[in-house]
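Visitor: What shape does this take:
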Amino acid sequence: MKLKAKIFAVAVCAMALCVALVGCAGGGTNSGSDNAANFQGDWMLSGGQNDGQELDAESIEAMEQMGLYVYMQLNEGGNAVISLFGTNTNGTWEAKDANTVAITFEGDTADATLEGDELVLAVEGNSLKFKKGEIPADALAAAAGTTEDAGQAAE
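Guide: Residues are numbered from 1 along each chain as shown. The predicted structure follows:
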């Protein structure tokens with residue numbers, strides 16, 4: 001029972017952090033299309049921290065074994081998707097420089113930075129870390145048909 005409680009707590013913390021990060025507004029963007037290649041692709045949750053609690057690889061693996069995935073897709077053309085435990089939200093992204101990307105969901109923008117091979121979203125001492133990788137087929141299947149329109153930027 002202790003492991004289940006820990007997994008549930010990690011899942012709740014990860015979801016709360018994702019909501020907090022999406023809700024934080026950021027500044028404008030200065031794009032460099034040549035920098036976009038640094039960010040474009042599929043990013044799987046690899047770690048994070050929320051109120052001093054570390055989200056480690058073991059906890060993420062346990063969540064994924066239960067079918068609970070967190071990933072982000074930064075697609076060509078500036079379209080983005082974040083999937084939180086099977087629910088997708090559409091957004092946009094734009095490279096600010098070689099190490100920083102502005103990601104917008106539901107009208108709010110947050111900056112993420114490359115730290116080694118991880119893309120880190122950090123707000124007020126909390127963070128989510130993502131690594132480029134292939135999204136498992138069962139994660140894509142779980143999120144199929146659950147995309148919510150996140151108020152894409154006007155064209």
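Visitor: Only C-alpha atoms from now on, for both contacts and neighbour counts.
Guide: OK.
Visitor: Check which helices and strands the helix or strand hosting residue 93 sits against.
Guide: Element membership of residue 93 [criterion: DSSP states H and E] is strand 87-95. Here strand 87-95 touches strand 79-84, strand 100-105, strand 147-148, going by 3 or more CA pairs under 8 Å, 6 or more residues apart in numbering; DSSP states H and E.
Visitor: Next one, pLDDT for residue 129 please.
Guide: Here the pLDDT value assigned to residue 129 is 95.
Visitor: name the helices or strands packed onto the helix or strand containing it?
Guide: Using DSSP H and E, residue 129 sits within strand 126-132. When contacts are defined as 3+ CA pairs under 8 Å, 6+ apart, strand 126-132 packs onto helix 2-23, strand 41-50, strand 118-123.
Visitor: So, low pLDDT: which residues of the chain?
Guide: 1-33, 142-155 (pLDDT under 70).
Visitor: let's see it at 50
Guide: Along the chain, the model assigns pLDDT under 50 to residues 1-12, 17-32, 149-155.
Visitor: hmm, back to that, now the strand holding residue 93: buried residues?
Guide: 87, 88, 89, 90, 91, 92, 93, 94, 95 (16 or more other CA atoms under 10 Å).
Visitor: again, but for stretch 53-62
Guide: Judged by neighbour count using 16+ other CA under 10 Å, the buried positions of stretch 53-62 are 55, 59, 60, 62.
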